[in-house]
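Colleague: Have a look; sequence and predicted model below, questions after that.
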Amino acid sequence: MRLYCHIMVVVRGYKQVAKYFVDQEMAGFRMKPKLHALHHLGYDLKLALQTRAPKILNPACYACEMNEDHIGHTARMSRRLATKTLGLRLMQRYFLKTKAVIRRHLLKRKSQMKG
């Protein structure tokens with residue numbers, strides 16, 4: 001219920017600011033597709049709350065969009081590789097990076113447990 005309320009506060013607040021900018025004939029705070037998607041998420045939560053179910057699925061379980069930063073990073077990396085072996089080399093680099101991040105995380109946790 002709190003998540004639904006917070007989502008609606010953000011959506012309604014943004015809409016008010018956007019309306020103010022339109023009324024003042026100023027550019028800024030245009031309506032964004034992500035805001036529309038957030039409103040749909042709030043609406044879905046509202047419907048789920050009305051069912052009086054004891055538990056509700058996390059709305060993120062249906063999210064299938066990729067992180068835009070991740071896509072941009074992958075695209076930049078792919079421009080540096082030969083097109084003939086692009087798929088293989090891109091996956092190799094991705095797995096190397098993943099291994100390094102996991103190793104760094106485990107070392108950090110290990111040092112925190114000692115200290």
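Modeller: All right, it came through fine.
Colleague: Could you find the closest non-adjacent residue to residue 28?
Modeller: Nearest-residue entry for residue 28: residue 21, 4.8 Å, with adjacent residues in sequence omitted and distances by Cβ to Cβ, 6 or more residues apart in numbering. Placement of C-beta: from N, CA and C, glycine included.
Colleague: Any idea how many residues pack against the one you found?
Modeller: Applying other Cβ atoms under 10 Å, we find 14 other residues in the vicinity of residue 21.
Colleague: If we go by neighbour counts, what in the helix or strand hosting it is buried?
Modeller: Residue 21 is part of helix 2-23, with elements assigned from DSSP states H and E. By neighbour count on 16 or more other Cβ atoms under 10 Å, the buried set for helix 2-23 is 4, 7, 8, 11, 14, 18.
Colleague: Tell me the gap between that helix and the middle of its chain.
Modeller: Distance, stretch centre to chain centre, for helix 2-23: 19 Å (Cα atoms, centre = their mean, to the nearest Å).
Colleague: C-alpha coordinates for it, PDB please?
Modeller: Extracted in PDB, the C-alpha atoms of helix 2-23 (Å, rounded to 0.1, in the frame of the first residue of the first chain):
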ATOM      1  CA  ARG A   2       2.900   2.400   0.800                       C
ATOM      2  CA  LEU A   3       4.500   1.700  -2.500                       C
ATOM      3  CA  TYR A   4       1.300   2.500  -4.300                       C
ATOM      4  CA  CYS A   5       0.900   5.700  -2.400                       C
ATOM      5  CA  HIS A   6       4.500   6.800  -3.100                       C
ATOM      6  CA  ILE A   7       4.200   6.000  -6.800                       C
ATOM      7  CA  MET A   8       1.000   8.100  -7.100                       C
ATOM      8  CA  VAL A   9       2.600  11.000  -5.200                       C
ATOM      9  CA  VAL A  10       5.500  11.000  -7.700                       C
ATOM     10  CA  VAL A  11       3.200  10.600 -10.700                       C
ATOM     11  CA  ARG A  12       0.800  13.300  -9.600                       C
ATOM     12  CA  GLY A  13       3.500  15.700  -8.500                       C
ATOM     13  CA  TYR A  14       5.300  15.300 -11.800                       C
ATOM     14  CA  LYS A  15       2.100  15.900 -13.700                       C
ATOM     15  CA  GLN A  16       1.500  19.100 -11.700                       C
ATOM     16  CA  VAL A  17       5.000  20.400 -12.500                       C
ATOM     17  CA  ALA A  18       4.600  19.500 -16.100                       C
ATOM     18  CA  LYS A  19       1.200  21.400 -16.300                       C
ATOM     19  CA  TYR A  20       2.800  24.400 -14.700                       C
ATOM     20  CA  PHE A  21       5.500  24.500 -17.300                       C
ATOM     21  CA  VAL A  22       3.000  24.100 -20.100                       C
ATOM     22  CA  ASP A  23       0.900  26.900 -18.700                       C
END
